[in-house]
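Undergrad: need a 3D model of the sequence below.
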Amino acid sequence: MMKKKFWVTFLIALVGFSALFATTGHYILNKDSIANQWEEDDLEAEKILKDKGEILFLLMGIDDQDGTGGVAKVKEKKIEGEDRHKPTGKRTDTMILCKYNFETGDITMLSIPRDSRVNIRGRKEKEKITHAHSYGGPYLAMKTVKDFLNINLEYYVTVDYLAVREIVDAIGGVKIDIPKRMYYSDPTDKPPLLIDFQPGLQTLDGDDSIRFLRYRPKKEGDLGRVENQKLFMKEFIKQTLKPKNITRLPKMIKTYYDYVDTNIPMNVILKGIGTANKIDLENMKTAIIPGVGEYIGGISYFIYDEEGTKQIIEEMFENFLLDK
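TA: Sure thing, here's the model as predicted:
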């Protein structure tokens with residue numbers, strides 16, 4: 001189970017703050033349609049709050065090591081067709097299913113291993129769930145999770161890894177007590193990847209932070225990567241919230257806007273931020289999809305436990321189940 005205080009801070013600071021500025025920036029750049037958009041958001045917010053009093057969304061961290069801006073490319077592309085699929089060529093490195101209750105302040109989060117072997121619409125064979133965003137952007141990624149977990153999922157927040165690099169450098173690095181030697185080399189990657197960390201306390205800059213987040217232990221596989229991400233985010237938030245970094249807020253806001261994308265209505269985001277004081281740490285639920293690592297056709301997959309996953313979904317996301 002993931003540490004509760006870490007996830008609360010992560011949700012408010014990253015999802016609420018960044019999504020707010022990303023959405024605000026969108027409106028500023030599209031002044032002609034702002035009135036209509038606000039009206040649509042009012043209706044959407046009213047529907048969400050009236051039907052369930054809570055929102056479910058998919059939080060995705062985008063693997064963008066070639067530096068071309070995965071989230072920025074998604075924003076640039078025009079939405080075409082009813083399915084709104086937009087090929088991005090960018091995989092998700094992190095996928096977390098998040099639920100927030102506006103009345104009680106309860107938070108529920110489920111981490112989905114990126115190597116989970118699932119069906120993706122339009123593909124003949126099962127593939128890693130991380131590929132969905134590459135094939136069809138955030139909407140195909142959402143639909144893949146929707147099909148995989150049999151839930152009603154309509155909203156997303158995507159965060160580019162470039163945001164991590166920019167913000168970490170802006171706050172002067174992140175101190176991490178690396179638990180053990182981490183080494184991995186892939187000269188064929190674009191750009192070539194070299195991860196080489198010695199155990200012990202050290203300050204990671206932006207590029208090193210991304211390397212740390214990408215490292216996947218051989219034994220633990222995808223689950224080990226999730227643990228590294230959890231450790232990093234805890235220390236990252238601590239550093240970000242230090243008083244000395246308040247003066248760096250404008251740069252952080254710009255970074256959030258450049259590297260964050262969401263379809264959550266602005267009024268819903270504002271409602272969530274306004275009710276953040278209701279968050280109850282003792283009642284927050286967090287979990288990870290159960291399963292094991294396995295090689296199939298020479299490819300490493302995460303094979304999820306169907307019964308265990310079904311039980312978790314029924315317990316954590318009952319109001320969003322399809323075909324109940």
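
Undergrad: so what touches the host helix or strand of M233?
TA: Per DSSP states H and E, M233 falls inside helix 222-240. Applying Cβ atoms under 8 Å, 6 or more residues apart in numbering, the set of residues contacting helix 222-240 from outside is 2-3, 6, 9-10, 13, 61, 94, 111, 113-116, 164, 167-168, 171-176, 179, 209, 212-217, 220, 245, 252, 288, 293, 302. C-beta coordinates here come from the backbone N, C-alpha and C atoms, glycine included.

Undergrad: CA atoms of it as CSV?
TA: Extracted as CSV, the C-alpha positions of helix 222-240 are listed here (Å, rounded to 0.1, in the frame of the first residue of the first chain):
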residue,chain,number,x,y,z
ASP,A,222,7.5,-3.2,-13.4
LEU,A,223,6.6,-3.3,-9.7
GLY,A,224,10.1,-2.2,-8.8
ARG,A,225,9.8,0.8,-11.1
VAL,A,226,6.5,1.8,-9.3
GLU,A,227,8.4,1.7,-6.0
ASN,A,228,11.1,4.0,-7.3
GLN,A,229,8.5,6.4,-8.6
LYS,A,230,6.8,6.4,-5.2
LEU,A,231,10.1,7.1,-3.4
PHE,A,232,11.0,9.9,-5.8
MET,A,233,7.7,11.7,-5.7
LYS,A,234,7.7,11.8,-1.9
GLU,A,235,11.1,13.6,-1.8
PHE,A,236,10.2,15.7,-4.9
ILE,A,237,7.1,17.1,-3.2
LYS,A,238,9.1,17.8,0.0
GLN,A,239,11.6,19.9,-1.9
THR,A,240,9.0,21.7,-4.0
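
Undergrad: show me which positions of that helix end up buried.
TA: Going by neighbour count (16 or more other Cβ atoms under 10 Å), the buried part of helix 222-240 is 222-223, 225-226, 228-237, 239-240.

Undergrad: please save the CA atoms from stretch 259-270 in PDB.
TA: Below are the C-alpha coordinates for stretch 259-270, written out as PDB (Å, rounded to 0.1, in the frame of the first residue of the first chain):
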ATOM      1  CA  TYR A 259       3.700  19.900 -20.200                       C
ATOM      2  CA  VAL A 260       0.300  19.100 -18.800                       C
ATOM      3  CA  ASP A 261      -2.900  18.200 -20.600                       C
ATOM      4  CA  THR A 262      -6.400  17.400 -19.300                       C
ATOM      5  CA  ASN A 263     -10.000  17.200 -20.400                       C
ATOM      6  CA  ILE A 264     -11.400  17.700 -16.900                       C
ATOM      7  CA  PRO A 265     -13.700  20.700 -17.000                       C
ATOM      8  CA  MET A 266     -12.300  23.800 -15.300                       C
ATOM      9  CA  ASN A 267     -15.300  24.200 -12.900                       C
ATOM     10  CA  VAL A 268     -14.800  20.600 -11.700                       C
ATOM     11  CA  ILE A 269     -11.100  21.300 -11.100                       C
ATOM     12  CA  LEU A 270     -11.900  24.500  -9.100                       C
END
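
Undergrad: hang on, the earlier thing: closest to I195 out of the buried residues of helix 222-240?
TA: Looking at these and their distance to I195, the nearest is N228, at 10.7 Å (Cβ to Cβ).

Undergrad: roughly how far does the closest one sit from K180?
TA: For N228, the distance to K180 equals 11 Å [Cβ to Cβ, to the nearest Å].

Undergrad: right, I'll leave it there.
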